[in-house]
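# Output the structure for:
(4 chains)
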There are 2 protein chains.
Amino acid sequence: MDSQPGRSVTSKVLALLAAFSPASPALTLTELARRAGLPLPTAHRRAAELVAWGALERGEDGRYRIGLRLWEVGSLAPRGLGLRELALPVLEDLYEVTHENVQLAVRQDLELVFIERIAGRHAVPVLTRVGGRFALHATGVGLVLLAYAPTEVQERVLAAPLERYTDLTITDPRQLRRCLAEVRRVGYAVSDRQVTMDALSVAAPIRAADGVVAAISLVVAHDRADPLALAPLVQAAGRVLSRALGAPNRPAPGRVPLPPRHGTQ
Amino acid sequence: MDSQPGRSVTSKVLALLAAFSPASPALTLTELARRAGLPLPTAHRRAAELVAWGALERGEDGRYRIGLRLWEVGSLAPRGLGLRELALPVLEDLYEVTHENVQLAVRQDLELVFIERIAGRHAVPVLTRVGGRFALHATGVGLVLLAYAPTEVQERVLAAPLERYTDLTITDPRQLRRCLAEVRRVGYAVSDRQVTMDALSVAAPIRAADGVVAAISLVVAHDRADPLALAPLVQAAGRVLSRALGAPNRPAPGRVPLPPRHGTQ
DNA sequence: AGCCCGGCTTTCATTGAGTGAAAGCTGCGG
DNA sequence: CCGCAGCTTTCACTCAATGAAAGCCGGGCT
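Now for the predicted structure:
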């Protein structure tokens, strides 16, 4: 944690940014320095530069917060606001039809990041936050993103311990492997009470020219859920978006070809 | 343009981020280096570090784009996503009632930044983009933000040449000064064809404990507009949000306590 | 009031991370 | 086959960054 020589300035600047989280979006200099693993004067100087540029802002209370300028730049991320803008009308359609929670997520490394969420007032409460992260092995969107991720990513997820959220969370790598194969076979994923005991989600992939780039899902109360009825809806939304993203028109919508082989990869 | 000694590493990293814009969200290394004013090898090294962290991403085509990780961090900006989350229900209400464009903006230095926009399908097309910037002296939100900005900011805006967008754009500092005084007096701003010849906008301030922090507006076709009818709506929305942000309940509205206007709300 | 303490800011001599010119790649078009 | 444009790597030099230590400030306690 201490700034042993060999640490680049850039990494220190990034560590300062990474110190912020949804749980603590405002930090004093001391907290900031500790979280970034930097000596106080160093944190002070770099933070001052970030404030001058607008990447951070400093409140009346002396606390640092993420600055608007960084939000502006971040909004240029194609997989962030770009994807959201494209997808929003489709998400809204899906919401109109179902009045359930609609979610849009992409994979980042070994986790997923929620890009957008439309929360029905009467829908099951979900714990997700736009910009928030979650594990790949439990949610509907996560299973889809994992199922179509590069083998290397899958192996790394399978190798690590799989956190348990409920009694139904899949924590056995072998079982997860089977589940992912099934997702690829049918072209959608169902997560039944694997995150919370009241919710079930159905998710489908969104493809661009180079494969699956995002996933869309509906989250509903598990006891009024009919996954088989919801799947076509979610898949259709996924396909609309895939087309908009320039996915090849007949990329076996649900899955790779259909030869009698299940365990692709 | 050349990186004269005296330039901090941090400033170079930030220059790399600032090189991206809505008009060019994907850059080759050479473009990136040129825009950031950095020698190629320097840009290359810093960019590589940013990619490793996730602040930038590099596509198949070798171009750099803003990375999802930066979007995530940016989404922690209180004046960005934070404000948006808070305001969205109110914006939606306003949209439901009017089916016109609804905009939410904050001031950043001498410009405004759009935080959210709800575009009615049948509403006048507007040129704004979430995350985009605009001058303060023309739009409704801009006039509000300027009217309640610190004197020093107002003076700097008034001192600079005021860009003309249409024949009705206010470009005379003296006239603008009068206009701002009027905004403070009545508590809302009207921009009638000052940005485009087909649109009119009505905007109201949003206050927190420490003054005006944002503005909300309706943008309508100028020929079906009745500013006097829209103003109370927009102001009411502004007040709801002000209360949510902890503005004092009877906050000498920017200047003069409102004259005996109806609905105190 | 005076004191103390924690958190922040500034100073200053030291040093290694950062630098850019130049030389190597690599892939494409002629 | 060659040449060119755009990218990547090398290498010796140097100045931006560093952190220990000292100063500063405010507010809680005696």
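
# What residues does chain A have near DNA strand D?
With C-beta under 7 Å from any atom of the strand as the criterion, chain A meets DNA strand D at residues A:Ser3, A:Val9, A:Lys12, A:Leu38, A:Pro39, A:Pro41, A:Thr42, A:Arg45, A:Arg46. C-beta here means a position set from N, CA and C on the backbone, and glycine is covered the same way.

# next helix or strand past the host helix or strand of A:Leu158?
Assigned by DSSP states H and E, A:Leu158 belongs to helix A:151-159. For helix A:151-159, the following helix or strand on the C-terminal side (DSSP H and E) is helix A:173-186.

# Quick check: buried residues in the worst-scoring helix or strand of chain A on mean pLDDT?
Of all helical and strand segments in chain A, the minimum by mean pLDDT, DSSP states H and E falls on helix A:83-98, at a mean of 92. By neighbour count on 16 or more other C-beta atoms under 10 Å in any protein chain shown, the buried set for helix A:83-98 is A:Leu83, A:Arg84, A:Leu86, A:Ala87, A:Val90, A:Leu91, A:Leu94, A:Tyr95, A:Thr98.

# Who are the packing partners of that helix?
strand A:101-108, strand A:111-118, strand A:211-221, helix A:227-244 (3 or more C-beta pairs under 8 Å, 6 or more residues apart in numbering or on different chains; DSSP states H and E).

# how about a cut-off of 10 Å?
For helix A:83-98, the elements it packs on are strand A:101-108, strand A:111-118, strand A:199-208, strand A:211-221, helix A:227-244, helix B:68-74, judged by 3 or more C-beta pairs under 10 Å, 6 or more residues apart in numbering or on different chains; DSSP states H and E.

# Any chance of TSV for the ones you listed, columns mean neighbour count?
Compiled in TSV, the helices and strands packed on helix A:83-98 are given as follows (neighbours: other C-beta atoms under 10 Å in any protein chain shown):
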stretch	mean neighbour count
strand A:101-108	24
strand A:111-118	22
strand A:199-208	27
strand A:211-221	24
helix A:227-244	19
helix B:68-74	27
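
# List the residues that contact A:Thr171.
Residues in contact with A:Thr171 (C-beta atoms under 10 Å, 6 or more residues apart in numbering or on different chains) are A:His137, A:Ala138, A:Pro161, A:Leu162, A:Glu163, A:Arg164, A:Tyr165, A:Gln194.

# sorry, that was for A:Ala244
A:Leu86, A:Ala87, A:Pro89, A:Val90, A:Ile206, A:Ala208.

# Just flag the most distant two among those residues.
Using C-beta to C-beta, the contacts of A:Ala244 span at most 17.7 Å, a distance reached by A:Pro89 and A:Ala208.

# Test for you: state the pLDDT assigned to A:Glu163.
Note for A:Glu163: predicted pLDDT of 97.

# Might one say that it is in contact with A:Glu111?
No: with contact defined as C-beta atoms under 10 Å, A:Glu163 does not count as touching A:Glu111 (11.2 Å).

# which residues do those two both contact?
A:Ala135.

# DNA strand C contacts on chain A?
Counting by C-beta under 7 Å from any atom of the strand, chain A sits next to DNA strand C at A:5-10, A:28-30, A:40-41, A:44-45, A:62.

# switch to 6 Å and redo it
Neighbours of DNA strand C within chain A, by C-beta under 6 Å from any atom of the strand: A:Pro5, A:Gly6, A:Ser8, A:Val9, A:Thr10, A:Thr28, A:Leu29, A:Thr30, A:Leu40, A:Pro41, A:His44, A:Gly62.

# Narrow those to just the buried residues.
Among the residues of chain A next to DNA strand C, those buried by neighbour count (16+ other C-beta under 10 Å) are A:Val9, A:Thr10, A:Leu29.

# which residues sit in contact with the last one?
In other words, A:Leu29. Neighbouring residues of A:Leu29 by C-beta under 10 Å, 6+ apart: A:Leu40, A:Ala43, A:His44, A:Ala47, A:Ala48, A:Arg58, A:Gly62, A:Arg63, A:Tyr64.

# quick one on the thing from earlier: mind picking the two most distant members of the contacts of A:Thr171?
Farthest apart among the contacts of A:Thr171 - using C-beta to C-beta - are A:Pro161 and A:Gln194, which lie 15.7 Å from each other.

# any chance of the contacts of A:Thr171 in TSV, with neighbour count too?
Below are those laid out as TSV (neighbours: other C-beta under 10 Å):
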residue	neighbour count
A:His137	25
A:Ala138	26
A:Pro161	7
A:Leu162	19
A:Glu163	10
A:Arg164	13
A:Tyr165	19
A:Gln194	25
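
# For the residue of the stretch 151-265 of chain A found nearest DNA strand C, which residues are in contact?
Nearest residue of the stretch 151-265 of chain A to DNA strand C (C-beta to the nearest atom of the strand) works out as A:Asp210 at 16.4 Å. A:Asp210 makes contact with A:Leu245, A:Gly246, A:Ala247, B:Gly59, B:Glu60 under the criterion C-beta under 10 Å, 6+ apart.

# what do you get for A:Asn249?
A:Arg239, A:Ser242, A:Arg243.

# Please tell me how far it sits from DNA strand D.
31 Å (C-beta to the nearest atom of the strand, to the nearest Å).

# what kind of secondary structure is that residue in?
Under the three-state scheme (DSSP: H, G, I helix; E, B strand; the rest coil), A:Asn249 adopts coil.

# per-residue confidence at it?
72.

# cool, and A:Glu49?
Reported pLDDT for A:Glu49: 97.

# Settle this for me: it is touching B:Thr10, isn't it.
Yes: using C-beta under 10 Å, A:Glu49 is in contact with B:Thr10, at 4.5 Å.

# Need the residues touching each of these two.
With C-beta under 10 Å, 6+ apart as the test, A:Glu49 and B:Thr10 both reach A:Val13, A:Leu16, A:Ala55.

# Looking at those, spot the one nearest DNA strand D.
Closest to DNA strand D, out of all of the shared contacts of A:Glu49 and B:Thr10 and judged by C-beta to the nearest atom of the strand, is A:Val13, at 8.7 Å.

# Rounded mean pLDDT for the helix or strand hosting the closest one, please.
Taking DSSP H and E as the definition, A:Val13 sits inside helix A:9-18. Helix A:9-18 shows a mean pLDDT of 97.

# Are there helices or strands packed against that helix, and which ones?
Helix A:9-18 packs on helix A:29-36, helix A:40-53, helix B:9-18, helix B:40-53, helix B:68-74, going by 3+ C-beta pairs under 10 Å, 6+ apart.

# Distance to B:Arg185 for these - can I get that in TSV?
Listed next are the helices and strands packed on helix A:9-18 as TSV, based on distance: least, C-beta to C-beta, whole Å:
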stretch	distance to B:Arg185
helix A:29-36	42
helix A:40-53	35
helix B:9-18	38
helix B:40-53	48
helix B:68-74	37
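
# OK, contacts around the residue of chain A found nearest chain B?
Distance from chain B to each residue of chain A (C-beta to the nearest C-beta) is smallest for A:Gly74, at 2.6 Å. By C-beta under 10 Å, 6+ apart, the residues touching A:Gly74 are A:66, A:80-81, A:131, B:17, B:55, B:66-77, B:80-81, B:131.

# and what of A:Leu218?
By C-beta under 10 Å, 6+ apart, the neighbours of A:Leu218 are A:94-95, A:97-98, A:100-103, A:120, A:123, A:140, A:200-204, A:225, A:227, A:230-231, A:233-234, A:237.

# Let me know how buried the closest residue to A:Ala209 other than its chain neighbours is, in neighbour terms.
Of all residues not flanking A:Ala209 in the chain, A:Gly246 sits nearest, at 5.0 Å (C-beta to C-beta, 6 or more residues apart in numbering or on different chains). When counting by other C-beta atoms under 10 Å in any protein chain shown, one arrives at 11 neighbours for A:Gly246.

# sorry, back to before: what comes up buried for the helix holding A:Leu158?
A:Val153, A:Gln154, A:Val157, A:Leu158.
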